[in-house]
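In: Kindly return the folded structure for what I paste below:
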Amino acid sequence: MAYDNYIIKHKDIDIGKITINKNNYNIIDTEIENSVFSPISNSIPKDEQIADINQWFNNRCIPGSRYGIDILKKTYNIHDLRELMVLSLGLSLSDHYWIVREKENKIKWNEINFFDNKYSENMGKVFFDKHFVKNADLNIGYVPDSSLNGLLKKRWHNNGQINILIKNSSEPYKQEPFNEYFSSLVLDKLNINHITYNIIKENEEYNSTCPCIINKDTEMVSFVDMLRKYAQHITREKYDGYTRILDIAQSNSLPAYKEELHNMAVADYILCNNDRHWNNFGILRDSNNGKWISAIPLFDNGGSLWNGENVPKDTHSKCNSFANTNEECIKLLKININKVINKDNLIDLIDIFDTAFNNYSNAERKKILRNGLIQKRKLVYDYMDKCEFTSLIQST
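Out: Below is the predicted model of the structure:
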């Protein structure tokens, strides 16, 4: 068996060692040394450590199900997408982890990170422009696009000042960029912390844009990564994840995280977001000392407005966080919605929709979404009145 030994790094700290099978890029052995920044728990049996480090490793690369992936594979003549990620040392614009061959462990993070150093944007452009490949320089070097997960076509762009994520849409409705813009405007109005999204048009297609969430001193840790790090393997109901995450937050001196989760649940309820899976929320961590800072501002809201689905008569939307529907979630978490948002801030909800979807070309779908949103706002008002009445009864 051909294999290579690598060091997992966090900035310039050695986290541990991994052995990678060069034929299929599976990690066949691991030895974790630094528990503070380790992406997995070192208190579990060795076979579980190997399974968890493989999950973490695989989650850092482009998925094989991404739209346009065949073009990328053909362009770079590869069969396993993890090869591209390894060639870019696993570097990312979501955190400060990377890997390096054991025999080459003299490279410094400040020499290769994407905050201080330029990178080629060619790999990402392959997804967006079929004519680009003919003139592309395929010698890409280290690139952040190789560690971008998710199904939608996306790429990183540096405008000379900041890194910007550009993300496309999916069939059949191609809503996501408009959903992101709509959600951003709504969350502005509701005073819920979030990442700002805008819309651009490239090659006759609409894409969403947002600034990079992290910097050289902060990084993202998703809920999935938290569970993996603290060896909390969820096998029961989704609600179990909610109780586990509150315990983890408490142990990391961030009790205010409960309020942030409630804000998220209310936002998803109003936005009808069906894609708040466990990689789409988490915490910001100080990458110098490992301390938790806050919840990650809400991001990746492209699954809003019943994305990819028919709008049901009751306007309920699927929930991927802690319940089966977003309506169930706010009840299960016992959230008094009036403590999160002001009813008056929902008055402009339809006007915001009209602004965000002004250039959306599917007139029939737009009409369905708009009517669904009108019905949804009425139901939100009714629920807020019910919460207010219940609160009054309990206080007397």
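In: as a whole number, average confidence for the longest helix along the chain?
Out: Across the chain, the longest stretch assigned as helix under DSSP state H is helix 363-395. Average pLDDT, helix 363-395: 88.
In: how far out from the middle of the chain is that helix?
Out: Centroid displacement of helix 363-395 relative to its chain, using Cα atoms, centre = their mean, to the nearest Å, is 27 Å.
In: can you check stretch 220-228 too?
Out: Centroid displacement of stretch 220-228 relative to its chain, using Cα atoms, centre = their mean, is 11 Å.
In: Strands of the protein, start to end?
Out: In the chain, the segments counted as strands under DSSP state E are 3-10, 13-21, 27-32, 97-101, 154-158, 163-167, 198-202, 205-211, 218-222, 282-286, 292-295.
In: Could you dump these into TSV and include mean neighbour count?
Out: Every C-beta, even on glycine, is put in place using the N, C-alpha and C of the backbone. Formatted as TSV, those follow (neighbours: other Cβ atoms under 10 Å):
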stretch	mean neighbour count
strand 3-10	20
strand 13-21	18
strand 27-32	18
strand 97-101	20
strand 154-158	19
strand 163-167	20
strand 198-202	13
strand 205-211	19
strand 218-222	20
strand 282-286	19
strand 292-295	17
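In: possible to save the ones you listed as a markdown table with mean pLDDT and distance to D382?
Out: A markdown table is the format used below for the strands of the chain (pLDDT from 0 to 100; distance: least, Cβ to Cβ, whole Å):
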| stretch | mean pLDDT | distance to D382 |
| --- | --- | --- |
| strand 3-10 | 96 | 49 |
| strand 13-21 | 96 | 51 |
| strand 27-32 | 95 | 52 |
| strand 97-101 | 96 | 46 |
| strand 154-158 | 97 | 38 |
| strand 163-167 | 98 | 34 |
| strand 198-202 | 96 | 32 |
| strand 205-211 | 97 | 32 |
| strand 218-222 | 97 | 34 |
| strand 282-286 | 97 | 32 |
| strand 292-295 | 96 | 28 |
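In: List just the one of those that sits closest to N362.
Out: strand 205-211 (11.5 Å; Cβ to Cβ).
In: Provide the strand pairings for that closest one, with the direction of each partner.
Out: Strand 205-211 pairs in its sheet with strand 163-167 (antiparallel), strand 198-202 (antiparallel), by DSSP bridges.
In: Turn the strands of the chain into TSV, including distance to F322.
Out: Formatted as TSV, the strands of the chain follow (distance: least, Cβ to Cβ, whole Å):
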stretch	distance to F322
strand 3-10	30
strand 13-21	30
strand 27-32	30
strand 97-101	27
strand 154-158	26
strand 163-167	25
strand 198-202	30
strand 205-211	25
strand 218-222	15
strand 282-286	14
strand 292-295	15
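In: L332 is nearest to which of those strands?
Out: Nearest of the strands of the chain to L332, taken as Cβ to Cβ: strand 292-295 at 19.0 Å.
In: send the alpha carbons of that closest one over as PDB?
Out: Provided in PDB are the C-alpha atoms of strand 292-295 (Å, rounded to 0.1, in the frame of the first residue of the first chain):
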ATOM      1  CA  TRP A 292     -15.500  30.700  22.100                       C
ATOM      2  CA  ILE A 293     -16.400  34.300  21.000                       C
ATOM      3  CA  SER A 294     -20.000  34.200  19.900                       C
ATOM      4  CA  ALA A 295     -22.500  32.500  17.500                       C
END
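In: hmm, who's touching that strand?
Out: 193, 218, 249, 252-254, 256-257, 260-261, 264, 281-286 (Cβ atoms under 8 Å, 6 or more residues apart in numbering).
In: Find the residue at the geometric middle of the protein.
Out: N280 (3.8 Å; Cα atoms, centre = their mean).
In: Spit out the contact partners of it.
Out: Here N280 is in contact with S222, F299, D300, N320 (Cβ under 8 Å, 6+ apart).
In: Same check on L346?
Out: L346 neighbours (Cβ under 8 Å, 6+ apart): K189, L190, I270, R377, V380, Y381.
In: Could you export those residues as a markdown table, including neighbour count and distance to R60?
Out: Putting the contacts of L346 into a markdown table (neighbours: other Cβ atoms under 10 Å; distance: Cβ to Cβ, whole Å) gives the following:
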| residue | neighbour count | distance to R60 |
| --- | --- | --- |
| K189 | 17 | 35 |
| L190 | 19 | 33 |
| I270 | 26 | 32 |
| R377 | 18 | 40 |
| V380 | 20 | 38 |
| Y381 | 12 | 43 |
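In: remind me which residues of the stretch 1-150 of the chain are low pLDDT?
Out: 1, 130, 132-140 (pLDDT under 70).
In: Look up how far D80 lies from the closest residue in space to G282 that isn't next to it in sequence.
Out: Take G282 and drop its neighbours on the chain: the residue closest to it by Cβ to Cβ, 6 or more residues apart in numbering is S222, 4.1 Å away. Distance, S222 to D80, using Cβ to Cβ, to the nearest Å: 23 Å.
In: Show the end-to-end separation of stretch 298-306, please.
Out: 18 Å (Cα to Cα, to the nearest Å).
In: Off-centre distance for that stretch?
Out: The chain centroid and the centroid of stretch 298-306 are separated by 10 Å, computed with Cα atoms, centre = their mean.
In: Quick one: mean pLDDT over that stretch.
Out: Throughout stretch 298-306, pLDDT has a mean value of 98.
In: returning to what we had before: need the strands paired with strand 205-211 in JSON lines with distance to T75, can you?
Out: JSON lines is the format used below for the strands paired with strand 205-211 (distance: least, Cβ to Cβ, whole Å):
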{"stretch": "strand 163-167", "distance to T75": "18"}
{"stretch": "strand 198-202", "distance to T75": "19"}
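In: Between those strands, which one is closest to Y242.
Out: strand 163-167 (27.8 Å).
In: how far off strand 154-158 does that closest one point, in degrees?
Out: 150 degrees (axes from the mean of the first three to the mean of the last three Cα atoms, to 10 degrees).
In: So what touches strand 163-167?
Out: Applying Cβ under 8 Å, 6+ apart, the set of residues contacting strand 163-167 is 93, 114-115, 124, 128, 144, 150, 152-158, 176-177, 180, 200, 202, 207-212, 302.
In: can I get the CA coordinates of that strand in PDB?
Out: Extracted in PDB, the C-alpha atoms of strand 163-167 (Å, rounded to 0.1, in the frame of the first residue of the first chain):
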ATOM      1  CA  ASN A 163     -12.300  37.700   0.100                       C
ATOM      2  CA  ILE A 164     -15.800  37.400  -1.300                       C
ATOM      3  CA  LEU A 165     -17.800  34.200  -1.700                       C
ATOM      4  CA  ILE A 166     -19.800  34.000  -5.000                       C
ATOM      5  CA  LYS A 167     -22.500  31.300  -5.100                       C
END
